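A.B. asks: Only the shape, not the letters, is given here:
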């Protein structure tokens, strides 16, 4: 066979490379085996610019509402003790996950797989110190800064008069000054739906028997309770009337100075369900890194033209699991590390992996995590080890390096959807001088625990939740609000 002319050789090599990127199922595998982790950017974490703590903004664009999203930590204190903050964050993240697992076991042991949607649901074991991302929403005529959470259903804010409230930046919501605010009756179907949304039954108020009182307890002993109310909700100039939310009169916990919480779960009382007529049951986010001044976006509505994704969106279906019907459960079919597929069987005790914006660190079954760790260490060699940190057991000393090349991690889902973990979501930087940098994944403590994809591995990704078509999409995107 004659040799190809030299001028055509690059074209043959390109074609050969293209062929090698196609797997046995004919699916294009364009995710590179290595990514660059910039160690120098760590030096900027403490440098809070004047813009870092301004309230997140919002705008209407091409039929969608785009809300600016920021890391809550930089707005909760003027000077951050980075190491102390990270220690507390992982401790509380572990408490959150343990609480979620306990509630999942309780529901699984009480109800069989055929349980209907009216039975007692799983209530989220939220620990608000681990929920890093905030947005601003309009409630009545006031703007409220709230933490977003896909693992919670009831949206709530602190209200006056307040029996016991934590310190909040900005004014507390005053129902008495709003002409559009109304209380929810304790005999209404809305009040009855609290049990499905929060795990606690709504009750008639003691001081006002006609009002519907709610209670939400969290995994670390934090709580909010008060009355259900109805008010006008607004984003970027678009208003949604008769929005049901919790008016918190007695609140305790590490809420970071925000007004409250935005519930993006799947129950009747979640913001997603209540705004279905306006936004079609679709929302998406791009979670920014925690560097000062970084912003991402929460997009309400099915308008993909406002995204800035660097590669096509791939979708996977949400699994139907009545025991976990308030949550977003996906079928994880494989994990690649540095282009190599792990051989460990992906076995999940509760039939899928939960994707959550509130949990920080991804938790995997022990056998899967061990296989991932082993493959990562095969490909990331020549760097001194460092002590483990909290739940993270694989750490390195990267002092003196400007940047390092790290193996890529890719999560593959049913339907050929793929989440390619960003370099900033691969390593958890414990010490600012890079003397302790850890692989940002952990093992589940029990074989029957539910695996979770945390927000750290969702950084710089556009994650789309389409509740109408029961699917979740992924695409790499450099997160920004501009």
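C.D. replies: In hand now; what should we look at? Quantities reported herein were computed from a predicted structural model and do not represent experimental measurements.

A.B. asks: so the most centrally placed residue in the chain is in which element?
C.D. replies: The centroid of the chain falls nearest to residue 357 when counting by C-alpha atoms, centre = their mean (1.2 Å). Under DSSP states H and E, no helix or strand contains residue 357.

A.B. asks: if I pick it, what's in contact with it?
C.D. replies: Residues near residue 357 by C-beta atoms under 8 Å, 6 or more residues apart in numbering: 131, 133, 148, 149, 150, 151, 264, 285, 287, 455, 458. In short, each C-beta sits where N, CA and C put it, glycine included.

A.B. asks: For the last one, what are phi and psi?
C.D. replies: Looking back up the chat, that one is residue 458. phi -100, psi 0 (degrees, to the nearest 10).

A.B. asks: I figured it hits residue 288, correct?
C.D. replies: No - Residue 458 is not in contact with residue 288 according to C-beta atoms under 8 Å; the separation is 10.6 Å.

A.B. asks: Mind jotting down where the helices sit in the protein?
C.D. replies: 9-20, 73-76, 82-110, 189-192, 194-198, 271-274, 276-279, 366-379 (DSSP state H).

A.B. asks: Which neighbouring elements make contact with the last one?
C.D. replies: Contacts defined by 3 or more C-beta pairs under 8 Å, 6 or more residues apart in numbering; DSSP states H and E place helix 366-379 against strand 332-337, strand 403-407, strand 441-443.

A.B. asks: Name every sheet partner of the last one and say whether each one runs parallel or antiparallel.
C.D. replies: Okay, so that is strand 441-443. Under the criterion DSSP bridges, strand 441-443 sits next to strand 362-364 (parallel) in its sheet.

A.B. asks: got the contact list for the strand it pairs with?
C.D. replies: By C-beta under 8 Å, 6+ apart, strand 362-364 touches 97, 372, 440-444, 449, 451-454, 456-457.

A.B. asks: Hmm, which of the residues you listed is lowest in pLDDT?
C.D. replies: Least confident entry in these, by pLDDT: residue 97, with 80.

A.B. asks: That residue against residue 359, yeah?
C.D. replies: Yes - in this structure, residue 97 is within contact of residue 359 by C-beta under 8 Å, at 6.0 Å.

A.B. asks: any common contacting residues for these two?
C.D. replies: residue 452.

A.B. asks: picking that back up, now for the contacts of residue 357, which pair is the farthest apart?
C.D. replies: 151 and 287 (14.3 Å; C-beta to C-beta).

A.B. asks: Neighbour count for the two, which is higher?
C.D. replies: Neighbour comparison, residue 151 and residue 287: the larger count goes to residue 287, with 28 against 25 (by other C-beta atoms under 10 Å).

A.B. asks: Just confirm that one contacts residue 133, I think it does.
C.D. replies: Yes - Residue 287 lies in contact with residue 133 (C-beta under 8 Å); the separation is 6.1 Å.

A.B. asks: what residues are shared contacts of the two?
C.D. replies: In contact with both residue 287 and residue 133: 69, 296, 357, 455, using C-beta under 8 Å, 6+ apart.

A.B. asks: Including distance to residue 276 and pLDDT, could those residues go into JSON lines?
C.D. replies: Shown next, in JSON lines, are the shared contacts of residue 287 and residue 133 (distance: C-beta to C-beta, whole Å; pLDDT from 0 to 100):
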{"residue": "69", "distance to residue 276": "21", "pLDDT": "76"}
{"residue": "296", "distance to residue 276": "24", "pLDDT": "87"}
{"residue": "357", "distance to residue 276": "19", "pLDDT": "90"}
{"residue": "455", "distance to residue 276": "24", "pLDDT": "92"}
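
A.B. asks: Buried among the residues you listed? Need that as a selection in ChimeraX.
C.D. replies: Buried subset of these, written as a ChimeraX selection, criterion 16 or more other C-beta atoms under 10 Å:
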select :69,296,357,455
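
A.B. asks: so which of the shared contacts of residue 287 and residue 133 comes closest to residue 471?
C.D. replies: residue 357 (17.1 Å).

A.B. asks: which residues touch the nearest residue to the closest one once chain neighbours are set aside?
C.D. replies: Sequence neighbours aside, residue 150 is the residue nearest to residue 357 in space, at 4.5 Å (criterion: C-beta to C-beta, 6 or more residues apart in numbering). Contact partners of residue 150, counting by C-beta under 8 Å, 6+ apart, are 264, 265, 327, 328, 355, 356, 357, 358, 465.

A.B. asks: can you do 10 Å?
C.D. replies: For residue 150, the contacting residues are 124, 262-266, 270, 272, 283, 285, 326-328, 354-359, 455, 463, 465, by C-beta atoms under 10 Å, 6 or more residues apart in numbering.
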